[in-house]
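# my questions are about this predicted structure, shown below with the sequence.
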Amino acid sequence: MNKFKFILSLSLLLVIILTGAKGVNAQDFDWIKNKFGIHILNSTSEIFKAKELLQKDGGEWSWLTIVIRSDELNKKQWQEFFDICRQEHFIPLVRIATKVENGNWQSPTESEVNEMVNFLNELNWPTRDKFIILYNEPNRSDEWGGKADPAGYAKIIKYASELFKKNDENYYVLSAGLDLAAPNSPSNFYSAEKFYQEMLNSEPNIFANIDGIASHSYPNHGFIGSPYDLGKTSIRGYEWELEYLKSLGVEKNLYVFITETGWPHQEGEKIISKYFSSDSLADKYKAAFEIWNNDDRVKVFTPFLLSYQYEPFDHFSWTKPDGSFYPHAFILGEKKENNNPIQINQAEVLKIDFPYFLIPENKYKGKILLKNTGQKIWGENEKFCFSSKEMSGVEITGLCQSENILINPQESTWFDFEFLFTENQEHISFGWENLPELELKPLISKKTHIYKSEVSLVQKISQSWYNRMQTLSSLITKHLRP
């Protein structure tokens, strides 16, 4: 084959590319093999403590229930939290909240919902599916501005769920866990029955954009029930909730996330003898975990609370004041399967280094600079590569990172590649899977097979340099004319 000269000017627009499959049904949770988690109080240091507790023998990508308050929307703080969740393999269940005023949690406004949605959209989450819990125990007046209001709750979560879904189809929205032991004494308390009933009377289609329910299935009354009790105030309270919602006409199959549960222990700032000793709690939790694990409707359970050393939650803490775990905690560290959540893989092309002149059947080397703008840590589980596309007349190697290098989101790295024309054709294209395809078009004529890139320029090229290249091109054309 005759050898012809090719001219190539390669630079790239900043291009965002997406390799994670989007639009997969958010309720398809075949990847959930590990339902275990814990409720924490948002400190990044607690993530490492939770790892000691939950991932001692398997259990990768366990669950953390956390609270994000409307008066704590610090992007740097929460991005760091999500980044450590990614690094340590935890999936956050984010309960959104307002702020405390006069001893009560304020009831949210639409403006506050807008602010929260915008804030959460700016964060790079650890996984594709983003789990949101819409507030907390709204059938209690102290959790809803001093006055429990089922119609008001239904209205605001209808607005919030629609807004979350509008912004990102990968939000998985849960209604709040109710206080299942609350009496019916409006407006201080609503029983769970009355609260659900009045929610649906106010907004009959309230569950249209709700994907599941958060449940506070405690061993009530008094947190001293047996794991084998049944009914609304037992660790199987979620069963009552699902059945009651169906009796009210809710046909949607709702998954359950038990985001609060557990037995308090006697030990704390003061000994409370009516509670169980920590030594005796392991058997109760083991029985409860078996019940929840064997129920396909239950996707997650996060006992309350990892660490809290003062009233009123010191008796629920899984850690002692010295940081060690209470005796029953070993039950959470027993061997578990790993989850494999979907993560969006995304990259931005920053720069490409490539020869200006190319001759067919000669091998050339190039480099491309990619920025990780997705959720994955490149190279975490295996050597990370973009495979090359099969293109007629072109041979190009894949883009593979060096061994033992981890590239976190927002970090960049160079990839080396080799490139070869094997035949002449009017148009030459090349590229890699899930990266923008590059096309070369004839610069002078089809007969000469002198090519230029179809890709727009972003590298700063001086006008004088460009003029010199145009002059060179003219000289080549003159000497190649018959």
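Received it, and whenever you're ready, just let me know what you need. What you are looking at is a predicted structure, and each value in this text was computed from that prediction instead of being measured. Numbers count the residues shown, from 1 in each chain.
# all strands of the stretch 351-482 of the chain, in order?
Taking DSSP state E, counting those that start in this stretch as the criterion, the stretch 351-482 of the chain carries its strands at 357-358, 364-372, 385-386, 394-396, 399-400, 412-421, 428-430, 438-442, 451-453.
# distance from the chain centre to the fourth one, please.
What it means is strand 394-396. Put simply, strand 394-396 sits 37 Å off its chain's centre (C-alpha atoms, centre = their mean, to the nearest Å).
# show me what counts as buried in that strand.
By neighbour count on 16 or more other C-beta atoms under 10 Å, the buried set for strand 394-396 is Val394, Ile396. Heads up, the C-betas are built off the backbone N, CA and C, glycines and all.
# now for that strand, which elements pack on it?
Applying 3 or more C-beta pairs under 8 Å, 6 or more residues apart in numbering; DSSP states H and E, we find strand 394-396 packed against strand 412-421, strand 428-430.
# identify all contacting residues around it.
The contact list for strand 394-396 (C-beta atoms under 8 Å, 6 or more residues apart in numbering) reads 388-389, 417-422, 428-432.
# repeat that with 7 Å
Ser388, Phe417, Phe419, Leu420, Phe421, Thr422, Ile428, Phe430 (C-beta atoms under 7 Å, 6 or more residues apart in numbering).
# so what's the second one bridging to?
Taking DSSP bridges, one finds Gly366 as the beta-bridge partners of Phe417.
# shouldn't it be in contact with Gly366?
Yes - counting by C-beta atoms under 7 Å, Phe417 does reach Gly366; the two are 5.3 Å apart.
# shaky segments in the chain?
1-27, 357-358, 423-426, 440-482 (pLDDT under 70).
# which segments of it make up each domain?
6-17+345-480, 29-333 (automatic domain parsing).
# quick one: contacts for Ser215?
Going by C-beta under 7 Å, 6+ apart, Ser215 touches Gly177, Gly237, Tyr238, Glu241, Val256, Ile258.
# tell me the contacts of the residue nearest the centre of the chain?
Central residue of the chain (C-alpha atoms, centre = their mean): Thr127, 2.8 Å from the mean position. Counting by C-beta under 7 Å, 6+ apart, Thr127 makes contact with Ile91, Pro341, Ile342, Gln343, Gln375.
# which SS class is it?
coil (DSSP: H, G, I helix; E, B strand; the rest coil).
# mind telling me what element Lys155 is part of?
helix 150-167 (DSSP states H and E).
# contacts for that helix, please.
107-108, 110, 113, 117, 121, 132, 134, 138, 144, 171, 173, 175, 190, 195, 198-199, 202-203, 206, 209-210.
# how about Trp240: what's its closest non-neighbour residue?
In space, and not counting its chain neighbours, Trp240 is closest to Lys232: 4.3 Å by C-beta to C-beta, 6 or more residues apart in numbering.
# got the contact list for the one you found?
Lys232 makes contact with Leu180, Ala192, Trp240, according to C-beta under 7 Å, 6+ apart.
# where do the helices sit along the stretch 251-400 of the chain?
For the stretch 251-400 of the chain, the helices defined by DSSP state H, counting those that start in this stretch occupy 281-293.
# give me the neighbour count for the nearest residue to Gly262 once chain neighbours are set aside.
Excluding its sequence neighbours, the residue lying closest to Gly262 (C-beta to C-beta, 6+ apart) is Pro303, at 4.0 Å. Neighbours of Pro303 under the rule other C-beta atoms under 10 Å: 25.
# picking that back up, now, of the helices and strands packed on strand 394-396, which is deepest in the fold?
Burial of the helices and strands packed on strand 394-396 is given as mean neighbour count (mean count of other C-beta atoms under 10 Å); strand 428-430 ranks first at a mean of 20.
# quick one: contacts of that strand?
Strand 428-430 has contacts (C-beta under 7 Å, 6+ apart) with Met391, Gly393, Val394, Ile396, Phe419, Phe421, Glu437, Leu438, Glu439, Leu440, Tyr451.
# for the first one, name its beta-bridge partners.
Note on Met391: beta-bridge partners Val394, judged by DSSP bridges.
# Tyr171 now?
With DSSP bridges applied, Tyr171 shows beta-bridge pairing to Lys130.
# list the contacts of it.
Contact analysis of Tyr171 by C-beta under 7 Å, 6+ apart lists Lys130, Ile132, Phe164, Lys165.
# out of the residues you listed, who's the most crowded?
Ranking the contacts of Tyr171 using other C-beta under 10 Å puts Phe164 first, with 24 neighbours.
# from Ser70, how far out is that one?
Applying C-beta to C-beta, to the nearest Å, the value for Phe164 to Ser70 is 15 Å.
# how about Ile428?
Separation of Ile428 from Ser70 (C-beta to C-beta): 55 Å.
# with Phe415 instead?
In terms of C-beta to C-beta, Phe415 sits 42 Å off from Ser70.
# and what of Lys335?
40 Å.
# more crowded one of these two?
Comparing Lys335 with Ser70 by other C-beta under 10 Å, the one with more neighbours is Ser70, at 18 against 8.
# ok, that one touching Thr98?
Yes - using C-beta under 7 Å, Ser70 makes contact with Thr98 at a distance of 5.0 Å.
# now list whatever residues contact both of these two.
Residues touching both Ser70 and Thr98 (C-beta under 7 Å, 6+ apart): Glu112.
# returning to that earlier point: dump the contacts of strand 428-430 to TSV, plus distance to Ile271.
Formatted as TSV, these follow (distance: C-beta to C-beta, whole Å):
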residue	distance to Ile271
Met391	74
Gly393	81
Val394	76
Ile396	71
Phe419	74
Phe421	81
Glu437	70
Leu438	72
Glu439	76
Leu440	79
Tyr451	83
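# and of the residues you listed, the nearest to His221?
Glu437 (65.1 Å; C-beta to C-beta).
# how much space between the residue nearest to the closest one when sequence neighbours are not counted and Asn408?
The shortest distance from Glu437 to any residue other than its chain neighbours is 3.9 Å, reached at Gly431 (C-beta to C-beta, 6+ apart). Using C-beta to C-beta, Gly431 is found at 25 Å from Asn408.
# ok, now Phe81?
To Asn408, Phe81 is 15 Å away according to C-beta to C-beta.
# before we move on, what about Asp83?
Distance, Asp83 to Asn408, by C-beta to C-beta: 7 Å.
# more crowded one of the two?
Using other C-beta under 10 Å as the criterion, Asp83 and Asn408 rank with Asp83 on top: 18 against 14.
# I'd say Cys85 and Pro92 touch.
Yes - using C-beta under 7 Å, Cys85 is in contact with Pro92, at 5.5 Å.
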